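Colleague: Sequence first, then the predicted structure, then my questions.
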Amino acid sequence: MSVSITDAKSAELYARALQRLPGGVNSPVRAMQAIGRDPIFIERADGAEIVDVDGNKYVDYVCSWGPLIHGHAHPEIVEAVVAAAHKGTSFGAPTAAEVEIAEEIARRMPSVEMVRMTSSGTEASMSAIRLARAATGRSKILKFAGAYHGHVDGLLAQAGSGLATAGIPASPGVPEAATHETVIVDWNDGAAVATAFAEHDFAAVIAEPYPANMGLVPPVEGFLELLRNQADEHGALLIFDEVISGFRVAAGGAQEREGVSPDLTVMGKVIGGGLPAAAYGGGRTLMEHIAPAGDVYQAGTLSGNPLAVAAGLATLRLLDDPAYLKLGAITETLASGLRDAAAQHGVALTVVSVPGLVTPFFAETAPRDYAGAQAADHGAYAAFCRALLARGVYPPASQYEAWFPSLAHGPAHLDRTLDAVNAAFAEIS
Ligand code: KE4
């Protein structure tokens with residue numbers, strides 16, 4: 001059953017937006033170019049649902065790309081933000097709430113004894129890299145093809161020719177000098193990691209422990225332990241970018257689920273509860289290199305902003321053990337429903353999931369690296385998304401993103417979703 005979607009107001013806003021915003025949006029993926037359609041302008045949202053400016057309602061699987069683990073406009077989170085706002089929106093001075101959220105983070109992630117807040121994940125990963133370079137006196141960084149850590153110059157690099165060679169800029173405006181110290185290897189390729197460590201003295205290796213920017217491509221058995229061991233053997237730091245996985249896949253993130261402790265963790269999304277907050281953290285000795293305790297400079301006008309911290313604290317405090325069990329069950333219902341529908345319609349689909357994250361790959365098998373994700377049928381994914389949007393389901397507009405179910409996705413939302421999925425598969429297959 002296709003929903004009669006009108007889009008006149010969205011189209012009018014988009015035309016105006018194109019005059020004043022590059023691509024009409026403030027972040028590229030929102031433009032929906034990867035699924036071959038114009039963006040949808042959202043007016044309001046509540047729980048698992050968003051409503052666009054034309055009044056069309058959708059079950060939302062973007063949820064602001066991860067922060068809204070409790071769904072939109074959760075009453076307790078809204079109340080916390082409003083209460084904070086009435087006391088002033090920003091002081092540029094320390095507050096009790098910043099101490100409380102640091103304590104909450106440390107309680108959940110034992111590897112994070114000390115934390116520094118920023119306003120974005122990009123700032124946090126940039127700062128973690130700077131700290132690793134300062135602490136080791138080295139400059140080279142190892143990252144993985146297909147991993148995204150924010151638009152940091154040195155990390156906007158793609159593999160050059162050959163194995164374990166210096167990265168080349170992945171974007172105009174990124175100077176060769178910025179990526180020359182970045183080495184890129186394939187995810188899940190232990191031999192390539194060992195070769196890279198044999199050839200370079202790295203300050204750090206940075207990884208999303210559950211990569212979710214090439215679609216969800218979990219580590220193969222033992223791969224994270226290999227990163228930990230290689231870093232230890234060669235005097236490098238291990239940085240886990242848990243901006244997506246942190247506090248979502250488990251209370252203590254992927255490092256808790258996998259039992260591998262990094263030296264530094266990059267966090268974001270959930271700890272801001274939908275407001276701008278991110279952080280990086282690690283052991284006290286390492287973190288006390290950061291100014292003003294130490295001499296590694298990093299700063300931010302709105303770091304630890306009272307409203308963002310209020311939203312983050314309220315979000316974390318609602319994440320108790322039953323919440324994680326519930327999110328796991330919601331995720332499994334979605335993933336198995338996608339699998340069943342694809343099987344019923346003879347669609348070549350491989351659904352990868354961990355608690356709180358799902359990616360349906362239009363591929364016969366699950367990708368184990370970026371090349372595998374690139375080889376998926378992105379055209380089919382785009383057609384699937386367009387068909388879902390026409391039926392009131394709002395999926396991430398790229399095969400390289402993850403779906404973000406929330407605790408607000410109840411049985412009725414999941415039923416509506418899987419009805420739309422079946423109809424969409426019927427339409428595209
Ligand atoms: P921000 O600078 O966008 O707050 O965080 C950057 C970042 C860092 N690390 C990881 C693992 C991330 O996924 C991100 C940002 N995630 C994207 C979605 N995959 C944000 C959406 C967008 O760019 O609009």
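Modeller: Now that the structure is in, tell me what you want to look at.

Colleague: tally of neighbours for the residue of the stretch 201-350 of the chain found nearest the ligand?
Modeller: Of all residues in the stretch 201-350 of the chain, the one sitting closest to the ligand is residue 243 (3.5 Å; CB to the nearest ligand atom). C-betas here are computed from N, CA, C, even on glycine. The tally of other residues near residue 243 (other CB atoms under 10 Å) stands at 32.

Colleague: Please, which helix or strand holds it?
Modeller: Counting by DSSP states H and E, no helix or strand carries residue 243.

Colleague: do the same with residue 329
Modeller: helix 321-345.

Colleague: Figure out how far that helix is from the centre of its chain.
Modeller: Between the centre of helix 321-345 and the centre of its chain there are 19 Å (CA atoms, centre = their mean, to the nearest Å).

Colleague: average model confidence for it?
Modeller: Across helix 321-345, pLDDT averages out at 98.

Colleague: what does stretch 49-63 give?
Modeller: Model confidence over stretch 49-63, given as mean pLDDT, is 98.

Colleague: repeat for stretch 29-37
Modeller: Here the average pLDDT along stretch 29-37 is 96.

Colleague: Would it count as contacting the ligand?
Modeller: Yes. Judged by CB under 6 Å from any ligand atom, stretch 29-37 and the ligand are in contact via residue 29.

Colleague: Now do that stretch: everything it contacts.
Modeller: Contacts with stretch 29-37, where a contact means CB atoms under 8 Å, 6 or more residues apart in numbering, come from 23-25, 38-40, 65, 378, 381-382, 385-386, 389, 396-401.

Colleague: on that earlier part again, do I have it right that the residue of the stretch 201-350 of the chain closest to the ligand meets residue 278?
Modeller: Yes. Residue 243 lies in contact with residue 278 (CB atoms under 8 Å); the separation is 6.8 Å.

Colleague: any residues in contact with both of those two?
Modeller: What both residue 243 and residue 278 touch, as defined by CB under 8 Å, 6+ apart, is the set 121, 124, 266-269.

Colleague: just to revisit the earlier point, filter the contacts of stretch 29-37 down to the buried ones.
Modeller: Taking 16 or more other CB atoms under 10 Å as the criterion, what is buried in the contacts of stretch 29-37 is 24-25, 39-40, 65, 378, 381-382, 385-386, 389, 396-401.

Colleague: So which of these would count as near the ligand as well?
Modeller: With the criterion set as CB under 6 Å from any ligand atom, the members of the buried ones among the contacts of stretch 29-37 near the ligand are 65, 401.

Colleague: so what's residue 52 up against?
Modeller: Residues in contact with residue 52 (CB under 8 Å, 6+ apart) are 7, 9-10, 40-43, 58.

Colleague: What about the residues you listed, which one has the most neighbours?
Modeller: Counting by other CB under 10 Å, top hit in those: residue 58 with 26 neighbours.

Colleague: Could I get the contacting residues of that residue?
Modeller: 49-52, 389, 392-394.

Colleague: repeat for residue 314
Modeller: 74, 76-77, 79-81, 273.

Colleague: nearest to the ligand, of the residues you listed?
Modeller: Taking the contacts of residue 314 together and measuring to the ligand by CB to the nearest ligand atom, the closest member is residue 273, at 13.3 Å.

Colleague: Excluding sequence neighbours, find me the nearest residue to the residue in the stretch 51-200 of the chain that the ligand sits nearest to.
Modeller: The ligand sits closest to residue 121 of the stretch 51-200 of the chain, with a gap of 2.4 Å, by CB to the nearest ligand atom. Nearest non-adjacent residue to residue 121, counting by CB to CB, 6 or more residues apart in numbering: residue 268, 3.7 Å away.

Colleague: Around that neighbour, how many other residues sit close by?
Modeller: By the other CB under 10 Å criterion, the neighbourhood of residue 268 contains 31 residues.

Colleague: Give me the pLDDT for it.
Modeller: pLDDT at residue 268 comes out at 98.

Colleague: Check whether the nearest residue to residue 190 once chain neighbours are set aside sits in a helix, strand or coil.
Modeller: In this structure, residue 190 finds its nearest non-sequential neighbour in residue 226, 4.9 Å apart by CB to CB, 6+ apart. Here residue 226 is recorded as helix under DSSP: H, G, I helix; E, B strand; the rest coil.

Colleague: got a list of what residue 369 touches?
Modeller: Taking CB under 8 Å, 6+ apart as the test, what residue 369 contacts is 145-146, 186-189, 214, 217.

Colleague: now with 7 Å?
Modeller: By CB atoms under 7 Å, 6 or more residues apart in numbering, residue 369 lies in contact with 145-146, 186-189, 217.

Colleague: likewise residue 63?
Modeller: By CB under 7 Å, 6+ apart, the contact list for residue 63 reads 404, 406.

Colleague: Residue ranges in the stretch 1-150 of the chain under the pLDDT threshold?
Modeller: For the stretch 1-150 of the chain, the stretches with pLDDT under 70 are 1-5.

Colleague: Residue numbers of it in contact with the ligand?
Modeller: By CB under 6 Å from any ligand atom, the residues of the stretch 1-150 of the chain that approach the ligand are 27, 29, 65, 120-122, 125, 148-150.

Colleague: So the chain: which segments form each domain?
Modeller: Domain assignment for the chain, taken from automatic domain parsing, gives 8-73+320-428, 75-317.

Colleague: most neighbours per residue, which of the ones you listed?
Modeller: Mean neighbour count, computed with mean count of other CB atoms under 10 Å, is highest for domain 75-317 among the domains of the chain, reaching a mean of 20.

Colleague: Please flag which of the contacts of residue 52 sit within helices.
Modeller: 9-10 (DSSP state H).

Colleague: Among the contacts of residue 52, which one sits closest to the ligand?
Modeller: Closest to the ligand, out of all of the contacts of residue 52 and judged by CB to the nearest ligand atom, is residue 42, at 13.7 Å.
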